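> Predicted model and sequence follow; I will ask about them next.
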Amino acid sequence: MIKIILAGKLQLIPSSGHLTGLPLLKLCLGAVALFVFGALNNIGIGSYAPTMATVYALGIDPKVAFPIMVGGCTFSCAIGAMEFIRL
């Protein structure tokens, strides 16, 4: 991920994301990716770096990565907690 960010800052790849919304196809791809990251989050793997890389890849403004990650973690941890309490 650091290479992607660095390449964007050095103008080697386009990374000037300015979107705060997505078309339907990109939205579905992002939702699937965040679902996977949420599942990984429940087994102890952090989701901020993969979320940031996904946000960069989709062309979204990097400033919205944190709220997206926090929202994804909130919902995935709530579902994981219900399963933990059940067991």
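All right, it came through fine.

> measure stretch 18-30 end to end?
Using Cα to Cα, to the nearest Å, the end-to-end distance of stretch 18-30 comes out at 16 Å.

> pLDDT of it, averaged?
Averaging pLDDT along stretch 18-30 yields 83.

> Could you do stretch 42-50 as well?
Rounded mean pLDDT across stretch 42-50 is 82.

> do stretch 56-74 as well
Per-residue scores along stretch 56-74 average to 79.

> Buried residues, that stretch. List them.
Neighbour-count burial for stretch 56-74, counted by 16 or more other Cβ atoms under 10 Å, picks out 56-58, 60, 65, 68-69, 72-73. To be clear about C-beta, it is placed using only N, CA and C from the backbone, and glycine gets the same treatment.

> Filter those residues down to the ones in strands?
Taking DSSP state E, every one of those sits outside strands.

> Mind checking which of those are in helices?
Members of these lying in helices (criterion: DSSP state H): 56-58, 65, 68-69, 72-73.

> Which one of those is nearest to Ile45?
Closest approach to Ile45 among those (Cβ to Cβ): Cys73, at 11.7 Å.

> Would you confirm that the closest one contacts Leu40?
No - using Cβ atoms under 8 Å, Cys73 makes no contact with Leu40, being 10.8 Å away.

> so what's in contact with these two at the same time?
Ser47 (Cβ atoms under 8 Å, 6 or more residues apart in numbering).

> Tabulate the ones in helices among the buried residues of stretch 56-74 (TSV), appending distance to Gly30.
Shown next, in TSV, are those (distance: Cβ to Cβ, whole Å):
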residue	distance to Gly30
Tyr56	12
Ala57	9
Leu58	6
Ala65	11
Ile68	8
Met69	12
Gly72	10
Cys73	15
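
> Tell me who's in contact with the residue nearest the centre of the chain.
Nearest to the mean C-alpha position of the chain, counting by Cα atoms, centre = their mean, stands Thr51 at 2.2 Å. Contacts for Thr51 (Cβ under 8 Å, 6+ apart) come out as 34, 37, 65, 68-69, 72.
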